[in-house]
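Participant: based on what follows, work out the 3D shape:
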Amino acid sequence: MHLMQLCQWLYDSHFGTVIRESQFAFPLIESVHVLGIALLVGTVLLVDLRLLGVLMEEEPVSEVVSRVLPLTWCGFVVQVLSGVLLFWAKAAQYYENPAFRWKVALLLVAGLNPLVFHSTVYRGVSAWNEKHTTPIGAKIAGILSLTLWSGVIIAGRATAYFGK
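Facilitator: A predicted model of the protein is given here:
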């Protein structure tokens, strides 16, 4: 089965049709998705701004990370679950949507950014944890994160306008 066939099958399924044609289901799921992005990106924003030395300079980086990470994971779970449902309802439309393709590509890179950051720069956090100025690698990770998540949000909104 090709990816387009899978997308068409999801779109044509009873479940996908119910979500898409319901007066309340799709808007409710979409609203939950927006709230999830606010939680996910809001907490990521706090860490990124700390890495850039713009916010909470007196707080150790590890303290900021440990406080917001549980909320970040909650936002991530909400995003995945609501995103799967939204995709299921409109999979055939999203398959050819260039904005949706950009969103997925940016999501993948945005997901890799913290993995690279935590496996490289953040490993040495004890040396710079309480300093006002963070290493250049931390600043680059913060800037990349802000840029990528902004791109994800913009592409996500554009998805509605490039659909059929």
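
Participant: check the residue sitting furthest away from the middle of the chain and give its pLDDT.
Facilitator: Relative to the centre of the chain, the most outlying C-alpha is that of A127, 29.1 Å out, by C-alpha atoms, centre = their mean. If you check A127, the pLDDT there is 89.

Participant: what sits up against the helix or strand encompassing it?
Facilitator: Counting by DSSP states H and E, the element that carries A127 is helix 125-128. For helix 125-128, contacts defined as C-beta atoms under 8 Å, 6 or more residues apart in numbering pick out V61, S62, T134, P135, A138. Yep, even glycine has a C-beta here, placed from its N, CA and C like the rest.

Participant: a markdown table for those residues, including secondary structure?
Facilitator: Supplementary listing: the contacts of helix 125-128 in a markdown table, determined by DSSP: H, G, I helix; E, B strand; the rest coil:
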| residue | secondary structure |
| --- | --- |
| V61 | helix |
| S62 | helix |
| T134 | coil |
| P135 | coil |
| A138 | helix |
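
Participant: between the residues you listed, which has the most around it?
Facilitator: Among the contacts of helix 125-128, A138 has the most neighbours (other C-beta atoms under 10 Å), with 24 neighbours.

Participant: list the residues that contact that residue.
Facilitator: Per C-beta under 8 Å, 6+ apart, neighbours of A138: L51, V61, F117, V121, Y122, W128.

Participant: just I153 next, same as before
Facilitator: Counted by C-beta under 8 Å, 6+ apart, I153 has contacts I37, V41.

Participant: can you give me the mean pLDDT across the helix or strand encompassing it?
Facilitator: Per DSSP H and E: I153 is located in helix 136-162. Averaged over helix 136-162, pLDDT sits at 94.

Participant: from the chain's centre, how far out does that helix sit?
Facilitator: Here helix 136-162 is found 8 Å from its chain centre; the criterion is C-alpha atoms, centre = their mean, to the nearest Å.

Participant: next, the buried residues of that helix.
Facilitator: Under the neighbour-count criterion of 16 or more other C-beta atoms under 10 Å, helix 136-162 has 137-139, 141-142, 144-146, 148-149, 151-153, 155-156, 158-159, 162 buried.
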